[in-house]
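**Q** Below are the sequence and a predicted model; questions follow.
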Amino acid sequence: MVRVWFYRIAVVLLVAIGIGSWLAPSVAWSLVVVGPILLVGFYDAFQRRHTILRNFPVIGHFRYLLESVRPEIQQYFIESNIDAFPIEREMRSLVYRRSKGALETQPFGTQRDVYRVGYEWVAHSMHPVEPLEHEPRLIIGEGTCQHPYAASRLNISAMSFGALSPTAIRALNAGAKIGKFAHNTGEGGISPYHLQGGDLIWQIGTAYFGCRTDDGRFDPELFAEAAQRPEVKLIELKLSQGAKPSHGGVLPGHKVTQEIAEIRRVPVGQTIISPPRHSEFSTPVGMLKFIARMRELSGGKPVGMKLCVGSRIELLAICKAMVETGLLPDFITVDGGEGGTGAAPLEFTNSIGMPARDGWALVHAALVGAGLREKVVILASGKILTGFHMIRAMALGADACYSARGMMLALGCIQALRCNNNTCPTGVATQNMALYQGLDVPDKTQRVARFHAATIRSFLEILSAIGTPDPRQIRPEIFFRRVTDARVRSFAEMYDFLSPGCLVNGDGAPGAWQSDWNKARPDSFETAGSTT
């Protein structure tokens, strides 16, 4: 109907302009305005790609215009402080204030419904202790490595150069230098922008960027050369990430510039596909041997692995391989299946992989049950933005934390949700020079350092409030979650916490844990028949 009316109006306008121009030639100038609109309308009416435009010429474009700014309208005019996702406005505002050194207190009480299912809190002590002046550092690789590392309890999570802009990487690394915390490179390799003086955690993914042969295999000589750099403090073997577990990434050829090619050791202009699994090993034992090899090639630096938990049997197979071989990673980074900064297919982000909190608790329990917990550090990754989030992760078994989105917000990210299309308006997640040159590195460096310092200060204050100066003494019994409007359960009641060595000794493991341990094979990543 609208299309028919458009034809009628177009004919009437053209006839009217024609007659008017014959009577007064100046009327023809109206075609400067009317002509383009009519051309757009006729194009809309005859194109076949968009039904909306075909049925509603010209005015149908307003639908697409409004849709293009929908995230901004939602964010600035509609969403409340506490119910937006992925990161609610309350948390974003807190990160902004802390990164700027602004007032961060809140008046008039919490805005959260404390009686809503899912509300969580930590129990304070009637006898709090004096807050620590400095954070207790975490020693990774002590007793097993020639170069153990004293890590901060909060570090920058894996985000590659390529995913983030050059200026963003420079600011993150320079901020890490000021705050004396570590910066994970992501699987894209070590770029010049990572070398601003901050400590590095070099992540090695399935494509072995930065240490690969021409056919995509692991190159031990290239690895040793980079791993022995003084800036590299830890090496992290990535098995999977929460955004897209068991899904390889694709770097389109048009993005493989000379600079990216040199960093990642790939051909210029050639599309690079990261395989979903590693080519250097195919079993838990093989993986542990590869980790031991990497530790040796690095000159004795701590080496760990990163995973998003899938099958409990697979996790127990890795633990059983540790027990039988005596080969252990120095740390395990546990990511959540809810995803993070990495762009991924919707199904993977929404529906594949174990959520972070369940993953932290499961890995902790598995290591305890295998008698390995005191030998392996657990690093938690998954929406860590505040000191409370750090304490919660530690109550579920973590020793220290990573933050990715928190660090992006400290850089000025506004959650525009354009990380995957190269149009990030703040210059954080783009390779468009016109956009990323607007990110002022000295200013954002200070913001990253201030955010880290304020979050650690919050962490220490909560430690004081719960009555312990030692993060190792955080217990799941003091964390609570509302499960109905009238019922509360502690983390100790909600999650399985095994006794040391119970799986190895066959001594009282709860539920199906012992059955899964018996099914697990150190020579196979088994998934069939697994339970969680």
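**A** Cool, got the structure.
**Q** which other helices and strands contact the helix of greatest length in the chain?
**A** In terms of residue count, the longest helix belonging to the chain (DSSP state H) is helix 441-465. If you count contacts as 3 or more Cβ pairs under 8 Å, 6 or more residues apart in numbering; DSSP states H and E, helix 441-465 packs onto helix 89-100, strand 154-156, helix 166-179, helix 387-395, helix 405-411. Where you see a C-beta, it was placed from the backbone N, CA and C, and this is true even at glycine.
**Q** so A395 sits right up against I478, yeah?
**A** Yes. Counting by Cβ atoms under 8 Å, I478 is a contact partner of A395 at 7.1 Å.
**Q** can you pull out the strands in the stretch 1-150 of the chain?
**A** Listed in chain order, the strands found in the stretch 1-150 of the chain under DSSP state E, counting those that start in this stretch are 120-122, 138-140, 149-151.
**Q** Which among those strands is found nearest to T386?
**A** Proximity to T386, assessed across the strands of the stretch 1-150 of the chain by Cβ to Cβ, is greatest for strand 120-122 (11.8 Å).
**Q** Tell me the buried residues in the closest one?
**A** Across strand 120-122, burial judged by 16 or more other Cβ atoms under 10 Å covers V122.
**Q** partner strands of that strand, parallel or antiparallel?
**A** strand 479-484 (antiparallel) (DSSP bridges).
**Q** Next SSE downstream of the strand it pairs with?
**A** From strand 479-484 onward toward the C-terminus, using DSSP states H and E, the following helix or strand is strand 487-490.
**Q** What lies in contact with that following strand?
**A** Around strand 487-490, the neighbours that count as contacts under Cβ atoms under 8 Å, 6 or more residues apart in numbering are P476, E477, I478, F479, F480, R481, R482, V483.
**Q** gap between that strand and the chain center?
**A** 29 Å (Cα atoms, centre = their mean, to the nearest Å).
**Q** Buried residues in that strand, which are they?
**A** Along strand 487-490, the positions that meet the burial threshold by neighbour count (16+ other Cβ under 10 Å) are S490.
**Q** got the contacts of strand 487-490 as a markdown table, with neighbour count, distance to P345 and pLDDT columns?
**A** Formatted as a markdown table, the contacts of strand 487-490 follow (neighbours: other Cβ atoms under 10 Å; distance: Cβ to Cβ, whole Å; pLDDT from 0 to 100):
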| residue | neighbour count | distance to P345 | pLDDT |
| --- | --- | --- | --- |
| P476 | 20 | 34 | 95 |
| E477 | 13 | 39 | 95 |
| I478 | 19 | 38 | 94 |
| F479 | 23 | 33 | 94 |
| F480 | 19 | 36 | 95 |
| R481 | 18 | 30 | 95 |
| R482 | 18 | 33 | 95 |
| V483 | 14 | 32 | 93 |
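**Q** Tell me the spacing between V122 and T468.
**A** Shown here: V122 relative to T468, a distance of 11 Å by Cβ to Cβ, to the nearest Å.
**Q** meant to ask about I140
**A** Separation of I140 from T468 (Cβ to Cβ): 22 Å.
**Q** Neighbour count for those two, which is higher?
**A** Neighbours around I140 and T468, counted as other Cβ atoms under 10 Å, are more numerous at I140. The numbers are 26 against 17.
**Q** do you know how far that one is from R153?
**A** With distances defined as Cβ to Cβ, the gap from I140 to R153 amounts to 12 Å.
**Q** just R405 next, same as before
**A** Relative to R153, R405 is positioned 18 Å away (Cβ to Cβ).
**Q** now swap in S490 and tell me
**A** With the distance defined as Cβ to Cβ, S490 ends up 23 Å from R153.
**Q** Tell me how the protein divides into domains.
**A** According to the domain assignment given by automatic domain parsing, the chain is divided into the following structural domains: 2-68, 139-465.
**Q** Show me which of these has the highest average neighbour count.
**A** For the domains of the chain, the stretch with the most neighbours on average is domain 139-465, a mean of 21; neighbours defined as mean count of other Cβ atoms under 10 Å.
**Q** now it: mean pLDDT?
**A** This predicted structure assigns domain 139-465 an average pLDDT of 91.
**Q** Same check on stretch 47-64?
**A** Along stretch 47-64, the predicted local confidence has a mean pLDDT of 80.
**Q** got the contact list for that stretch?
**A** Outside of stretch 47-64, the residues within contact range by Cβ under 8 Å, 6+ apart are V2, R3, F6, I37, V40, G41, F42, D44, A45, F46.
**Q** What of stretch 504-514?
**A** Defining contact as Cβ under 8 Å, 6+ apart, one finds that stretch 504-514 is touched by 323, 365, 369-371, 496, 498-499, 501-503, 517, 531.
**Q** Can you point out the buried residues in it?
**A** By neighbour count, with 16+ other Cβ under 10 Å as the criterion, the buried positions of stretch 504-514 are V504, A509, W513, Q514.
**Q** got the CA coordinates for it in CSV?
**A** Coordinates of each C-alpha in stretch 504-514 appear next as CSV, following Å, rounded to 0.1, in the frame of the first residue of the first chain:
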residue,chain,number,x,y,z
VAL,A,504,43.2,-41.0,44.6
ASN,A,505,42.5,-42.9,47.8
GLY,A,506,38.9,-43.8,46.9
ASP,A,507,37.8,-42.3,50.2
GLY,A,508,34.4,-40.6,50.3
ALA,A,509,34.2,-38.5,47.2
PRO,A,510,30.7,-37.1,46.9
GLY,A,511,28.1,-37.9,44.2
ALA,A,512,29.5,-39.2,40.9
TRP,A,513,33.0,-37.8,41.5
GLN,A,514,34.6,-41.2,42.2
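**Q** about what we covered before: which one of the contacts of stretch 504-514 is nearest to Y115?
**A** Of the contacts of stretch 504-514, the one sitting nearest to Y115 (Cβ to Cβ) turns out to be D496, at 27.4 Å.
**Q** burial count for that closest one?
**A** When neighbours are defined as other Cβ under 10 Å, D496 has 17 of them.
**Q** Go ahead and confirm it touches A361.
**A** Yes. Applying Cβ under 8 Å as the test, D496 and A361 come out as touching, 7.3 Å apart.
**Q** ok, G353 touching G337?
**A** Yes. Applying Cβ under 8 Å, one finds G353 in contact with G337, separated by 2.5 Å.
**Q** for the stretch 251-400 of the chain, what spans make up the strands?
**A** Read by DSSP E, counting those that start in this stretch, the stretch 251-400 of the chain holds these strands, from start to end of the chain: 272-273, 303-308, 331-335, 377-380, 400-403.
**Q** returning to what we had before: can you put the contacts of stretch 504-514 in a markdown table and add distance to R472?
**A** Below are those laid out as a markdown table (distance: Cβ to Cβ, whole Å):
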| residue | distance to R472 |
| --- | --- |
| V323 | 23 |
| A365 | 16 |
| G369 | 19 |
| A370 | 19 |
| G371 | 17 |
| D496 | 20 |
| L498 | 17 |
| S499 | 17 |
| G501 | 19 |
| C502 | 20 |
| L503 | 22 |
| W517 | 26 |
| T531 | 30 |
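**Q** Closest one of those residues to L31?
**A** For those, the minimum distance to L31 (Cβ to Cβ) is 72.3 Å, reached by T531.
**Q** Just give me the closest of the contacts of strand 487-490 to N420.
**A** Using Cβ to Cβ, the shortest approach to N420 within the contacts of strand 487-490 belongs to R481, at 32.7 Å.
**Q** What's the separation between the closest one and V448?
**A** Computed as Cβ to Cβ, the R481 to V448 distance reads 31 Å.
**Q** and what of T257?
**A** In this view, T257 and V448 are 26 Å apart by Cβ to Cβ.
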